[in-house]
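Q: let me see the structure of the following:
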Amino acid sequence: MSRSASGREAGYVLAGGASRRMGRDKALLADGGEPLLLRVAEVVTAAAGSCAVVAPAGRYEGLGVPVLADLWPGEGPLGGILTALGSGDAEWNLIVAVDMPFLEKDFLRMLLDEARAAGRSLAPVHADGGLEPLCGVYHSGDLEKLRVFFAAGGRRVKDALREINVATVPAVAGMLRSVNTPEQWEAARS
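A: This next block holds a predicted model:
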């Protein structure tokens, strides 16, 4: 799962959470033998041409995917986003959470294309108007503003999006559902 040929796009999966509500590591949940992490990484690779997993150092080694050590473990997904954005030279960075089993390549590719067309970072917006920052495209030019927000103590990704000029697209119903509890995982599998 290498960097895209152009170097202008990269894909990342955030897998640094503690999975407290699930009671076990969400990334390793398996349906049909394949861990959720590998399924999401395959979809991200298909859309962006590459995929690296952002997780605490040493986690997920041996699964066959590149792992970037989260520079701010335990600080939430914004630390993972900063790790991803600071790790390479891609202009457009597709960043998704590992706990979204319904993601599809065509939707993720559309996010990248729409972000490029808008010339700025992009996040899907749910029917209720809420942004989904954990399945979005982040422009490399927003890294410094996000670092400043983080350094000032900000940790909520939705709040961080107010610091950058984010374009939006409608979310596809059901596709961005995450699995955080055993009940949600069982429902996702059926």
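Q: where do the helices sit along this structure?
A: Along the chain, counting by DSSP state H, helices occupy 36-48, 77-85, 105-118, 143-151, 157-160, 182-189.
Q: starting from the helix or strand of the chain at the bottom of the mean pLDDT ranking, tell me which strands it pairs with and how they run.
A: Among the helices and strands of the chain, strand 30-31 carries the lowest confidence by mean pLDDT, DSSP states H and E, at a mean of 86. Paired neighbours of strand 30-31 in the sheet (DSSP bridges): strand 34-35 (antiparallel).
Q: show me where pLDDT drops low in this structure?
A: Applying pLDDT under 70 to the chain picks out residues 1-7.
Q: quick test: name the residue nearest the centre of the chain.
A: Central residue of the chain (CA atoms, centre = their mean): Val96, 1.7 Å from the mean position.
Q: quick check: chain neighbours aside, which residue is closest to that one?
A: Nearest residue to Val96, sequence neighbours excluded (CB to CB, 6 or more residues apart in numbering): Cys135, at 4.7 Å. All C-beta atoms are positioned from the backbone trio N, CA, C, and that covers glycine.
Q: ok, Leu108 - how many residues close by?
A: Leu108 has 22 neighbours, counted by other CB atoms under 10 Å.
Q: ignore what I typed, I meant Val148.
A: When neighbours are defined as other CB under 10 Å, Val148 has 12 of them.
Q: contacts only, for it.
A: Glu163 (CB atoms under 8 Å, 6 or more residues apart in numbering).
Q: for it, give its distance to Cys135.
A: 24 Å (CB to CB, to the nearest Å).
Q: likewise Leu68?
A: Relative to Cys135, Leu68 is positioned 18 Å away (CB to CB).
Q: who's more crowded, those two?
A: Set side by side, Leu68 and Cys135 show more neighbours around Cys135, with 22 against 19, by other CB under 10 Å.
Q: what's near enough to touch that one?
A: Ile95, Val96, Ala97, Met100, Leu103, Leu108, Leu111, Ala123, Pro124, Leu176.
Q: what do you get for Val65?
A: By CB under 8 Å, 6+ apart, the contact set of Val65 is Met1, Val13, Leu37, Leu38, Ala41, Cys51, Ala52, Val53.
Q: how close does it sit to Val179?
A: On the measure of CB to CB, Val65 and Val179 end up 19 Å apart.
Q: repeat that for Glu186.
A: Applying CB to CB to Glu186 and Val179 gives a distance of 9 Å.
Q: more crowded one of these two?
A: Taking neighbours as other CB under 10 Å, Glu186 and Val179 compare with Val179 leading, 23 against 10.
Q: my read: Ile81 touches Leu143, true?
A: No - with contact defined as CB atoms under 8 Å, Ile81 does not count as touching Leu143 (9.2 Å).
Q: okay, those two: which has more neighbours?
A: Ile81 (26 against 17).
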